[in-house]
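[1] this one's sequence-less:
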């Protein structure tokens, strides 16, 4: 199979290939440049942190809503049958901690 291109066409093809190669090499240079690699890594970490923080926020918000639903009725009034025992438990725990701490100091 013979090449029917003229020398001018061959030279034009070579020039075109050189230009394409130069563009590809420039793109590779940008991709492997340390600043680019560091920037990509920072963006990935930031994205992961944002995603994790978002999930944590949703989980905490859901937990707070669940706890709130235990102590507040749908109309917003406190459920005294649950609030009073919980408050007594907290006061008792604080009292025990206070007594325990005072005994250790003596």
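    Structure received. What you see is a predicted model; the values in this text were computed from it and never measured.
[2] Need the three-state assignment for residue 4.
    coil (DSSP: H, G, I helix; E, B strand; the rest coil).
[3] where's it relative to residue 10, distance?
    Using C-beta to C-beta, to the nearest Å, we find residue 4 at a distance of 11 Å from residue 10. For every residue, glycine as well, the C-beta is placed using N, CA and C.
[4] So which of these two has more stuff around it?
    residue 10 (11 against 6; other C-beta atoms under 10 Å).
[5] So for residue 70, what's the nearest residue that isn't a sequence neighbour?
    residue 82 (5.9 Å; C-beta to C-beta, 6 or more residues apart in numbering).
[6] How about residue 10?
    Nearest one to residue 10, counting by C-beta to C-beta, 6+ apart, is residue 3 at 7.8 Å.
[7] For residue 4, give me phi and psi.
    Main-chain dihedrals, residue 4, degrees, to the nearest 10: phi -100, psi 10.
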